[in-house]
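>>> got a predicted structure here, sequence first:
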Amino acid sequence: MIMSDLKGKIWMDGNLVEWSDARIHVLTHTLHYGTGVFEGVRAYETSKGPAIFRLEDHTNRLFESAELIGMKIPFHASVLNDAQSEVVALNELNNAYIRPMCFYGSEGMGLRADNLKVHAIVAAWDWGSYLGDDKILNGIKVKVTDFPKRCDKSMIYKAKATGNYLYSMLALKDALNSGFDEALILDIDNNVNEGSGENFFMIIDNTFYTPKDGTVLNGITRQTIMEIASDLNYKVEEKDISVEDVKSCDEAFFTGTAAEVTPIIQVDDKKINNGKPGKITKQIQTIYFDLIRGKIERYNNWLTYIKNV
């Protein structure tokens, strides 16, 4: 998929423009310094039409990320919520990946970032499973990567900021070059943090464990899975997790807007659950896929149904 070749409308600074016309200058500040914030959001087909999953939560986090890096978004949250619904409708998408982003423009250059305008865009397109349908069904193999190790004092990991993802790209490249599907990133104390773009869960004796959110993004899918597990009367605990804990766990999986719920069947050379997705993981996965498609009434408050434009 070549992104620039797609067709449709993109919302840009309050206006709808043709996909091919949504351009910025090569001296755009964020292109050079990574000072942008963004969200990954999904819309799913339901019996009532397409619906965006946890729209307001994603937009609220966008504003929280902007505040953490000192960026003032020049639009109200409701405007960006409406823009996300609008581009899905205008582009006639039943299932969509949605990308709202805020960034500094080309009004100036340099680290002071003064006198710069904050721009906002919202794009939406049809995108299937991030890791592939086969991986969602049968699970993935993960490498514990040595680089980079994360420190809560060196980066603002609670912000979904563009610059943070350089580290994720390096970790994923390391894993892919070694024949794995994804990376498992550690902190400076060698505790498990997350994948390159996913949160991590493991299950031991019917208890869910996930890393503390000190150096991980407190993902919205992460929050969703923790609530589902609690609703099913599973115990959920945030704690420091060692690599040895992971390799001896009963089940493991990644979560994320793009990755959804992806089983982990191998970590380095150690198979998890004999190299097959675990029973509880599959239970959580089934519930998640039902709720995002509006099939579980108790979770329907998480869905924003899109009206025809």
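Noted; the coordinates are in hand. Numbering: from 1, shown residues only.
>>> tell me how many other residues surround residue 68.
15 (other C-beta atoms under 10 Å). In this view, the C-beta of every residue, glycine as well, is placed from N, C-alpha and C.
>>> the chain: helices as residue ranges?
29-33, 55-68, 77-90, 133-138, 165-177, 220-231, 243-247, 279-291 (DSSP state H).
>>> closest to residue 8 out of those?
helix 77-90 (7.1 Å; C-beta to C-beta).
>>> need the contact partners of the closest one.
With C-beta atoms under 8 Å, 6 or more residues apart in numbering as the test, helix 77-90 has contacts from 8-11, 14, 16, 41, 43, 50, 52, 55-56, 59-60, 62-63, 73, 96, 98, 100, 120, 122-124, 304, 306-309.
>>> distance to residue 297 added to the helices of the chain, as CSV?
As requested, those are arranged in CSV below (distance: least, C-beta to C-beta, whole Å):
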stretch, distance to residue 297
helix 29-33, 41
helix 55-68, 18
helix 77-90, 22
helix 133-138, 25
helix 165-177, 36
helix 220-231, 13
helix 243-247, 35
helix 279-291, 9
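>>> mind putting those helices into TSV with mean pLDDT?
TSV is the format used below for the helices of the chain (pLDDT from 0 to 100):
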stretch	mean pLDDT
helix 29-33	96
helix 55-68	97
helix 77-90	98
helix 133-138	92
helix 165-177	94
helix 220-231	98
helix 243-247	97
helix 279-291	98
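>>> and residue 76, how far is that from residue 252?
40 Å (C-beta to C-beta, to the nearest Å).
>>> just the pLDDT at the residue lying closest to residue 219 once chain neighbours are set aside, thanks.
Nearest residue to residue 219, sequence neighbours excluded (C-beta to C-beta, 6 or more residues apart in numbering): residue 199, at 4.5 Å. pLDDT, residue 199: 97.
>>> quick revisit: so which of residue 76 and residue 252 has more stuff around it?
Taking neighbours as other C-beta under 10 Å, residue 76 and residue 252 compare with residue 252 leading, 31 against 11.
>>> how about the more buried one, what does it touch?
Residue 252 makes contacts with 200, 201, 202, 203, 246, 263, 264, 267, 272, 278, 281, as judged by C-beta under 8 Å, 6+ apart.
>>> surely the first one touches residue 212?
No. Applying C-beta atoms under 8 Å as the test, residue 200 and residue 212 come out as separate, 11.4 Å apart.
>>> neighbour count winner among those two?
Each of residue 200 and residue 212 has its neighbours counted (other C-beta under 10 Å); residue 200 has more, 23 against 16.
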